[in-house]
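**Q** Dropping the sequence and predicted coords here.
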Amino acid sequence: MRKSYWAKGASLDRVLEHAQQLNAEFKDNPDVIELADLVSKAKQLMKQTEEPTSENQER
C-alpha cells in the first residue's frame, strides 16, 4: 500500500495511533488487538528495510 493512491498522505505511525485508540475503546477484542499488532510489525519491517545494513554500506 506504500505507493497506493489510497495511502497518499498516510503513515504507519498514524495508522498505529488509530489502532491503539481502537484497542483502548474495544478492550479484549481479538480483531482489534491483531490489527494493532500487525500494524506495529509492518512499521518495524518498514524501518528495517529503510536502514542500511553493513553489507550494503561496503558495496
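**A** Arrived safely. Quantities reported herein were computed from a predicted structural model and do not represent experimental measurements.
**Q** all helices of the chain, in order?
**A** 12-25, 30-50, 54-58 (DSSP state H).
**Q** worst average pLDDT in those?
**A** Ranked by mean pLDDT, the helices of the chain bottom out at helix 54-58, with a mean of 57.
**Q** Touching stretch 17-37 from outside, list them.
**A** Leu16, Val39 (Cβ atoms under 8 Å, 6 or more residues apart in numbering). (C-beta placed from N, C-alpha, C; glycine too.)
**Q** Flag every buried residue along that stretch.
**A** Ala19, Asn23, Val32, Leu35, Ala36 (16 or more other Cβ atoms under 10 Å).
**Q** mind giving me TSV with the helices of the chain and columns for distance to Trp6?
**A** Formatted as TSV, these follow (distance: least, Cβ to Cβ, whole Å):
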stretch	distance to Trp6
helix 12-25	12
helix 30-50	16
helix 54-58	31
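**Q** Out of these, flag the one nearest Lys3.
**A** Lys3 sits nearest to helix 30-50 of all those, at 12.7 Å, using Cβ to Cβ.
**Q** still on that earlier bit, let me know the closest of the buried residues of stretch 17-37 to Ser11.
**A** Nearest to Ser11 among the buried residues of stretch 17-37, with distances taken as Cβ to Cβ, is Ala19, at 12.6 Å.
**Q** any idea what sits nearest the closest one, other than its immediate chain neighbours?
**A** Excluding the flanking residues, the one nearest Ala19 by Cβ to Cβ, 6 or more residues apart in numbering is Ala36, at 4.0 Å.
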